[in-house]
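Asker: Sequence and predicted structure below; questions after.
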Amino acid sequence: MRFRKMHGLGNDFVIIDSRTESVALTPAQIQHICDRNFGVGCDLLTVLEPSDNADIFARFYNADGSESAACGNATRCVADIIMNETGKDECVLETGRGMLPCTRAANEMVTVDMGEPVSFEQLDLSEGGLSAPYGVDMGNPHCVFFVDSLEDIPVEDIGRTVEHNPIFPNRTNVEFVEILRETKMRQRTWERGVGVTLACGSGACAVAVAGFKSGKTQNSVEIELDGGSLFLEIREDDGHVLMAGPYTYVFDGELNL
(Lines give C-alpha, C1' and ligand atoms only; values in the text may rest on other atoms or scores of the structure.)
Protein backbone atom coordinates (compact mmCIF):
# COMPACT_ATOMS: atom_id res chain seq x y z
CA MET A 1 0.00 0.00 0.00
CA ARG A 2 1.62 3.24 -1.16
CA PHE A 3 1.43 6.38 0.99
CA ARG A 4 2.66 9.95 1.07
CA LYS A 5 3.84 11.78 4.19
CA MET A 6 3.14 15.54 4.34
CA HIS A 7 2.79 18.19 7.00
CA GLY A 8 1.30 21.63 7.50
CA LEU A 9 3.42 23.59 10.00
CA GLY A 10 4.54 20.35 11.64
CA ASN A 11 1.00 18.94 11.93
CA ASP A 12 1.80 15.76 9.99
CA PHE A 13 -0.22 13.29 7.94
CA VAL A 14 0.02 9.96 6.20
CA ILE A 15 -2.05 10.19 3.00
CA ILE A 16 -3.34 7.04 1.28
CA ASP A 17 -4.93 7.15 -2.18
CA SER A 18 -8.04 4.95 -2.28
CA ARG A 19 -9.47 6.29 -5.53
CA THR A 20 -8.53 3.40 -7.82
CA GLU A 21 -8.26 0.57 -5.32
CA SER A 22 -10.50 0.66 -2.26
CA VAL A 23 -8.71 0.72 1.08
CA ALA A 24 -10.54 -0.34 4.24
CA LEU A 25 -8.60 0.18 7.47
CA THR A 26 -9.57 -0.86 10.99
CA PRO A 27 -9.06 1.48 13.95
CA ALA A 28 -6.21 -0.77 15.09
CA GLN A 29 -4.49 -0.45 11.70
CA ILE A 30 -4.91 3.32 11.76
CA GLN A 31 -3.39 3.46 15.23
CA HIS A 32 -0.46 1.34 14.01
CA ILE A 33 0.22 3.57 11.00
CA CYS A 34 0.09 6.72 13.17
CA ASP A 35 2.33 5.26 15.89
CA ARG A 36 5.67 7.09 15.90
CA ASN A 37 7.60 4.10 17.22
CA PHE A 38 6.04 1.13 15.42
CA GLY A 39 4.43 2.75 12.35
CA VAL A 40 5.08 5.62 9.97
CA GLY A 41 4.15 8.18 12.62
CA CYS A 42 1.71 11.07 12.21
CA ASP A 43 -0.97 13.12 13.92
CA LEU A 44 -3.65 12.10 11.46
CA LEU A 45 -4.31 9.66 8.62
CA THR A 46 -6.01 10.93 5.45
CA VAL A 47 -7.67 8.63 2.90
CA LEU A 48 -8.47 9.97 -0.58
CA GLU A 49 -11.67 8.60 -2.10
CA PRO A 50 -13.60 9.30 -5.32
CA SER A 51 -16.34 11.92 -5.23
CA ASP A 52 -19.29 12.55 -7.55
CA ASN A 53 -19.59 16.12 -6.31
CA ALA A 54 -16.03 17.43 -6.06
CA ASP A 55 -12.48 16.74 -7.20
CA ILE A 56 -12.01 14.27 -4.38
CA PHE A 57 -13.43 13.08 -1.05
CA ALA A 58 -10.94 13.39 1.82
CA ARG A 59 -11.58 11.28 4.93
CA PHE A 60 -9.65 12.10 8.11
CA TYR A 61 -8.74 9.80 11.01
CA ASN A 62 -7.19 10.84 14.32
CA ALA A 63 -4.22 8.92 15.68
CA ASP A 64 -6.50 6.98 18.03
CA GLY A 65 -8.48 5.60 15.06
CA SER A 66 -11.52 7.86 15.45
CA GLU A 67 -12.82 9.80 12.46
CA SER A 68 -12.74 13.60 12.22
CA ALA A 69 -14.96 15.59 9.87
CA ALA A 70 -12.40 18.33 9.25
CA CYS A 71 -8.68 19.03 9.25
CA GLY A 72 -7.54 22.34 7.84
CA ASN A 73 -3.83 21.53 7.58
CA ALA A 74 -4.44 18.19 5.85
CA THR A 75 -6.92 19.86 3.49
CA ARG A 76 -4.20 22.21 2.24
CA CYS A 77 -1.85 19.27 1.66
CA VAL A 78 -4.46 17.26 -0.24
CA ALA A 79 -5.41 20.34 -2.27
CA ASP A 80 -1.82 20.69 -3.45
CA ILE A 81 -1.79 17.04 -4.57
CA ILE A 82 -5.01 17.51 -6.56
CA MET A 83 -3.95 20.81 -8.11
CA ASN A 84 -0.66 19.26 -9.19
CA GLU A 85 -2.62 16.43 -10.84
CA THR A 86 -5.04 18.71 -12.67
CA GLY A 87 -2.65 21.56 -13.46
CA LYS A 88 -5.22 24.01 -12.10
CA ASP A 89 -4.85 26.60 -9.33
CA GLU A 90 -8.11 25.64 -7.65
CA CYS A 91 -9.99 22.55 -6.56
CA VAL A 92 -12.87 21.48 -4.32
CA LEU A 93 -12.56 18.82 -1.62
CA GLU A 94 -15.59 17.02 -0.28
CA THR A 95 -15.22 16.21 3.42
CA GLY A 96 -17.35 15.34 6.40
CA ARG A 97 -17.41 19.10 6.98
CA GLY A 98 -18.88 19.68 3.51
CA MET A 99 -17.41 21.16 0.34
CA LEU A 100 -14.12 23.00 0.86
CA PRO A 101 -12.98 25.18 -2.09
CA CYS A 102 -9.20 25.61 -2.24
CA THR A 103 -6.99 27.98 -4.25
CA ARG A 104 -3.28 28.58 -4.62
CA ALA A 105 -2.01 31.64 -2.77
CA ALA A 106 1.22 33.61 -2.69
CA ASN A 107 4.40 32.39 -0.97
CA GLU A 108 3.82 28.67 -1.59
CA MET A 109 0.56 28.64 0.35
CA VAL A 110 -2.96 27.33 -0.21
CA THR A 111 -6.12 29.11 0.89
CA VAL A 112 -9.08 27.00 2.05
CA ASP A 113 -12.64 28.27 2.45
CA MET A 114 -13.55 26.42 5.64
CA GLY A 115 -17.15 27.68 5.54
CA GLU A 116 -19.17 29.25 8.32
CA PRO A 117 -18.85 28.09 11.92
CA VAL A 118 -21.67 25.70 12.77
CA SER A 119 -22.03 27.26 16.21
CA PHE A 120 -20.44 29.77 18.59
CA GLU A 121 -21.19 30.23 22.30
CA GLN A 122 -19.53 31.04 25.59
CA LEU A 123 -19.46 27.88 27.70
CA ASP A 124 -20.36 27.44 31.34
CA LEU A 125 -17.09 25.68 32.08
CA SER A 126 -14.35 26.34 34.61
CA GLU A 127 -11.01 24.58 34.46
CA GLY A 128 -7.62 25.40 35.93
CA GLY A 129 -8.74 28.84 37.07
CA LEU A 130 -9.15 30.02 33.47
CA SER A 131 -11.90 32.32 32.25
CA ALA A 132 -14.96 30.70 30.69
CA PRO A 133 -14.04 29.40 27.21
CA TYR A 134 -15.85 29.69 23.90
CA GLY A 135 -17.27 26.69 22.08
CA VAL A 136 -16.83 26.86 18.31
CA ASP A 137 -17.93 24.10 15.94
CA MET A 138 -16.03 24.18 12.64
CA GLY A 139 -17.35 20.78 11.59
CA ASN A 140 -15.46 19.40 14.56
CA PRO A 141 -15.72 20.79 18.09
CA HIS A 142 -13.30 23.28 19.64
CA CYS A 143 -13.08 24.77 23.11
CA VAL A 144 -11.14 28.06 23.08
CA PHE A 145 -9.58 29.51 26.23
CA PHE A 146 -8.14 33.04 26.13
CA VAL A 147 -5.25 33.36 28.59
CA ASP A 148 -2.89 36.11 29.76
CA SER A 149 0.28 34.10 29.11
CA LEU A 150 0.67 30.76 27.34
CA GLU A 151 3.91 30.08 29.19
CA ASP A 152 1.96 29.61 32.40
CA ILE A 153 -0.59 27.11 31.02
CA PRO A 154 -0.24 23.33 31.57
CA VAL A 155 -1.65 22.56 28.11
CA GLU A 156 -1.43 18.77 28.40
CA ASP A 157 -3.10 18.55 31.81
CA ILE A 158 -5.97 20.93 31.11
CA GLY A 159 -6.36 19.80 27.50
CA ARG A 160 -6.69 16.14 28.43
CA THR A 161 -9.24 16.94 31.15
CA VAL A 162 -11.38 19.26 29.02
CA GLU A 163 -11.37 16.89 26.01
CA HIS A 164 -13.24 14.34 28.11
CA ASN A 165 -15.55 16.75 29.97
CA PRO A 166 -19.14 15.39 29.93
CA ILE A 167 -20.45 18.56 28.27
CA PHE A 168 -18.69 17.35 25.09
CA PRO A 169 -20.42 14.06 24.19
CA ASN A 170 -18.03 13.52 21.23
CA ARG A 171 -15.02 14.96 23.09
CA THR A 172 -13.41 18.21 21.94
CA ASN A 173 -10.26 19.88 20.69
CA VAL A 174 -8.91 22.46 23.14
CA GLU A 175 -7.17 25.72 22.20
CA PHE A 176 -5.24 28.03 24.52
CA VAL A 177 -4.78 31.53 23.09
CA GLU A 178 -2.76 34.60 24.01
CA ILE A 179 -3.73 37.82 22.23
CA LEU A 180 -0.60 39.67 21.09
CA ARG A 181 -2.52 42.46 19.36
CA GLU A 182 -5.83 42.90 17.52
CA THR A 183 -4.39 41.31 14.39
CA LYS A 184 -2.18 38.58 15.89
CA MET A 185 -2.64 35.74 18.38
CA ARG A 186 -0.51 32.91 19.73
CA GLN A 187 -2.16 29.48 19.95
CA ARG A 188 -1.38 26.06 21.41
CA THR A 189 -3.68 23.10 20.82
CA TRP A 190 -4.61 19.83 22.46
CA GLU A 191 -6.15 17.79 19.62
CA ARG A 192 -8.92 15.34 20.35
CA GLY A 193 -7.62 11.79 20.00
CA VAL A 194 -4.06 12.99 19.34
CA GLY A 195 -2.63 15.21 22.09
CA VAL A 196 -0.54 18.38 21.75
CA THR A 197 0.23 19.15 18.09
CA LEU A 198 2.49 21.73 16.46
CA ALA A 199 -0.46 23.21 14.55
CA CYS A 200 -4.21 22.80 14.10
CA GLY A 201 -5.91 24.38 11.09
CA SER A 202 -9.53 23.99 12.12
CA GLY A 203 -8.46 25.08 15.61
CA ALA A 204 -6.96 28.27 14.19
CA CYS A 205 -10.27 28.88 12.39
CA ALA A 206 -12.12 28.42 15.69
CA VAL A 207 -9.73 30.80 17.44
CA ALA A 208 -10.22 33.46 14.75
CA VAL A 209 -13.99 33.12 15.11
CA ALA A 210 -13.87 33.30 18.90
CA GLY A 211 -11.58 36.34 18.85
CA PHE A 212 -13.66 38.26 16.32
CA LYS A 213 -17.12 37.39 17.63
CA SER A 214 -16.11 38.20 21.23
CA GLY A 215 -14.75 41.60 20.11
CA LYS A 216 -11.16 40.81 21.06
CA THR A 217 -9.61 40.84 17.57
CA GLN A 218 -10.23 41.98 14.02
CA ASN A 219 -11.68 39.78 11.28
CA SER A 220 -8.26 39.31 9.64
CA VAL A 221 -5.53 37.84 11.87
CA GLU A 222 -2.24 36.00 11.92
CA ILE A 223 -2.23 33.06 14.29
CA GLU A 224 1.18 31.91 15.46
CA LEU A 225 1.36 28.20 16.32
CA ASP A 226 4.28 26.11 17.55
CA GLY A 227 5.03 25.10 13.93
CA GLY A 228 4.57 28.51 12.28
CA SER A 229 1.84 30.94 11.26
CA LEU A 230 -1.56 30.63 9.61
CA PHE A 231 -3.45 33.58 8.17
CA LEU A 232 -7.19 33.79 8.81
CA GLU A 233 -9.91 36.02 7.46
CA ILE A 234 -13.56 35.96 8.43
CA ARG A 235 -15.33 37.18 5.30
CA GLU A 236 -17.76 39.86 6.35
CA ASP A 237 -20.41 39.31 3.67
CA ASP A 238 -21.11 35.64 4.49
CA GLY A 239 -19.13 34.75 7.63
CA HIS A 240 -16.98 32.15 5.86
CA VAL A 241 -13.57 31.50 7.42
CA LEU A 242 -10.66 31.62 4.94
CA MET A 243 -7.44 29.97 6.06
CA ALA A 244 -4.10 30.40 4.25
CA GLY A 245 -0.99 28.44 5.11
CA PRO A 246 1.85 26.30 3.76
CA TYR A 247 2.07 22.61 2.84
CA THR A 248 5.19 20.44 2.82
CA TYR A 249 6.05 17.07 1.28
CA VAL A 250 8.14 14.78 3.47
CA PHE A 251 8.46 11.43 1.65
CA ASP A 252 6.64 8.65 -0.19
CA GLY A 253 6.70 5.04 1.00
CA GLU A 254 5.01 1.67 1.08
CA LEU A 255 3.09 0.08 3.94
CA ASN A 256 2.88 -3.61 4.83
CA LEU A 257 -0.07 -4.17 7.18
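Answerer: That came through fine.
Asker: mind listing what the nearest residue to Ser149 once chain neighbours are set aside touches?
Answerer: Of all residues beyond its chain neighbours, the one nearest Ser149 is Glu178 (6.2 Å), with distances taken as C-beta to C-beta, 6 or more residues apart in numbering. All C-beta spots, glycine's among them, are computed from the backbone N, C-alpha and C. By C-beta atoms under 8 Å, 6 or more residues apart in numbering, the contact list for Glu178 reads 146-150, 185-187.
Asker: Could you export the residues you listed as JSON lines, including neighbour count and distance to Asn73?
Answerer: Rendered in JSON lines, the data for the contacts of Glu178 read as follows (neighbours: other C-beta atoms under 10 Å; distance: C-beta to C-beta, whole Å):
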{"residue": "Phe146", "neighbour count": "21", "distance to Asn73": "22"}
{"residue": "Val147", "neighbour count": "19", "distance to Asn73": "23"}
{"residue": "Asp148", "neighbour count": "11", "distance to Asn73": "27"}
{"residue": "Ser149", "neighbour count": "8", "distance to Asn73": "26"}
{"residue": "Leu150", "neighbour count": "14", "distance to Asn73": "20"}
{"residue": "Met185", "neighbour count": "25", "distance to Asn73": "17"}
{"residue": "Arg186", "neighbour count": "20", "distance to Asn73": "17"}
{"residue": "Gln187", "neighbour count": "23", "distance to Asn73": "13"}
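Asker: Pick out the most distant pair among the residues you listed.
Answerer: Set against one another by C-beta to C-beta, those have their most distant pair in Asp148 and Gln187, with a gap of 14.4 Å.
Asker: could you point out which element follows the top helix by length along the chain?
Answerer: With DSSP state H setting the assignment, residue counts place helix 72-86 as the longest helix in the chain. Counting by DSSP states H and E, the element after helix 72-86 in chain order, helix or strand, is strand 90-95.
Asker: what about the helices in the protein?
Answerer: Counting by DSSP H, the helices of the chain are 27-34, 72-86, 155-163, 201-213.
Asker: which of these is buried the deepest?
Answerer: Stretch with highest mean neighbour count among those: helix 201-213 (a mean of 28; mean count of other C-beta atoms under 10 Å).
Asker: How far off centre is that helix?
Answerer: Here the centre of mass of C-alpha atoms in helix 201-213, compared against the chain's by C-alpha atoms, centre = their mean, to the nearest Å, lies 11 Å away.
Asker: So what pairs up with Ala58 in the strands?
Answerer: Legend: beta-bridge partners of Ala58 under DSSP bridges are Leu48.
Asker: can you list the domain ranges for this structure.
Answerer: Domain assignment of the chain by automatic domain parsing yields the ranges 2-108+246-254, 119-239.
Asker: Pipe these into JSON lines and attach mean pLDDT per row.
Answerer: As requested, the domains of the chain are arranged in JSON lines below (pLDDT from 0 to 100):
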{"stretch": "domain 2-108+246-254", "mean pLDDT": "96"}
{"stretch": "domain 119-239", "mean pLDDT": "97"}
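Asker: For the closest residue to Thr161 other than its chain neighbours, which residues are in contact?
Answerer: Nearest in space to Thr161, with sequence neighbours left out and distances taken as C-beta to C-beta, 6+ apart, is Glu127 at 6.3 Å. With contacts defined as C-beta under 8 Å, 6+ apart, the neighbours of Glu127 are 133, 145, 158, 161-162, 165.
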